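Trainee: Fold the stuff below for me.
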Amino acid sequence: MSYRALVITVSTRTAAGVWQDTSGPILVAGLSALGIAVEGPVIVADGDPVGAALRSGIDSGFDLIVTTGGTGLSPTDFTPEQTAPLLDRQIPGLSEAIRAQGIAAGISTASLSRGLAGLAGRTLIINVPGSAGGAHDAAVALEPTLLHALDQIRGGQH
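Mentor: Predicted coordinates for the structure are as follows:
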């Protein structure tokens with residue numbers, strides 16, 4: 001089965017051109033390695049632009065949207081708050097797996113990520129940390145179950 005994914009990089013500094021996106025390309029590579037057709041990374045500023053990009057991706061019928069950035073504790077980190085109202089069902093195990101992978105990799109601050117995962121209609125949305133290491137850890141954590149999850153969302157047997 002073929003799946004379509006959208007990667008959204010959330011960073012006001014990157015959107016302004018003063019910072020380079022390092023996490024988005026890692027996610028694109030990781031998802032592409034699974035055979036998923038990936039668009040992006042689309043770069044948006046923190047806050048309301050995240051919700052607009054998510055709604056656009058849902059409306060475009062993507063099977064998967066992965067955001068990177070905006071999951072921490074800084075005053076501008078609101079990706080989970082932009083994501084939550086769009087979710088019909090949360091899938092906490094995916095977010096827990098990403099945090100656990102980071103902790104296992106020796107990144108104690110991985111426990112501070114507030115990223116969510118869940119379904120908006122038939123679109124799986126996953127928030128991951130905005131660092132290159134966090135994006136790598138997310139790709140590793142998601143690899144064993146992501147295709148199975150996407151198949152289930154489409155009604156596949158498990």
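
Trainee: From Gly155, how far out is Phe38?
Mentor: Careful, residue 38 is Val; it's not Phe. Distance, Val38 to Gly155, using CB to CB, to the nearest Å: 23 Å. For every residue, glycine as well, the C-beta is placed using N, CA and C.

Trainee: between these two, which one's more packed in?
Mentor: Set Val38 next to Gly155 and count neighbours by other CB atoms under 10 Å: Val38 wins out with 21 against 7.

Trainee: So that one lies in a strand, does it not?
Mentor: Yes - Val38 sits within a strand when classified using DSSP: H, G, I helix; E, B strand; the rest coil.

Trainee: ok, what's across the strand from it?
Mentor: Counting by DSSP bridges, Val38 is bridged to Ala5.

Trainee: ok, now which ones touch it?
Mentor: Arg4, Ala5, Leu6, Val7, Leu27, Val28, Leu31, Ser32 (CB atoms under 8 Å, 6 or more residues apart in numbering).

Trainee: one more time with 7 Å, if that's ok
Mentor: Going by CB atoms under 7 Å, 6 or more residues apart in numbering, Val38 touches Ala5, Val7, Val28, Leu31, Ser32.

Trainee: With Gly70 instead?
Mentor: Gly70 sits in contact with Val10, Asp46, Val50, Asp77, Phe78, Thr79, Gly130, where contact means CB under 7 Å, 6+ apart.

Trainee: before we move on, what SS does the third one have?
Mentor: By that I understand Val50. With three-state DSSP as the criterion, Val50 reads helix.

Trainee: which residues does the residue nearest to it when sequence neighbours are not counted contact?
Mentor: Nearest residue to Val50 in three dimensions, chain neighbours excluded: Gln82, at 4.1 Å (CB to CB, 6 or more residues apart in numbering). Gln82 sits next to Val50, Gly51, Leu54 when contact means CB under 7 Å, 6+ apart.

Trainee: can you redo those residues as JSON lines with neighbour count and distance to Ser23?
Mentor: Compiled in JSON lines, those are given as follows (neighbours: other CB atoms under 10 Å; distance: CB to CB, whole Å):
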{"residue": "Val50", "neighbour count": "23", "distance to Ser23": "14"}
{"residue": "Gly51", "neighbour count": "18", "distance to Ser23": "19"}
{"residue": "Leu54", "neighbour count": "26", "distance to Ser23": "17"}
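
Trainee: Can I get those in TSV including pLDDT and distance to Ile107?
Mentor: Formatted as TSV, these follow (pLDDT from 0 to 100; distance: CB to CB, whole Å):
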residue	pLDDT	distance to Ile107
Val50	98	23
Gly51	98	28
Leu54	98	26
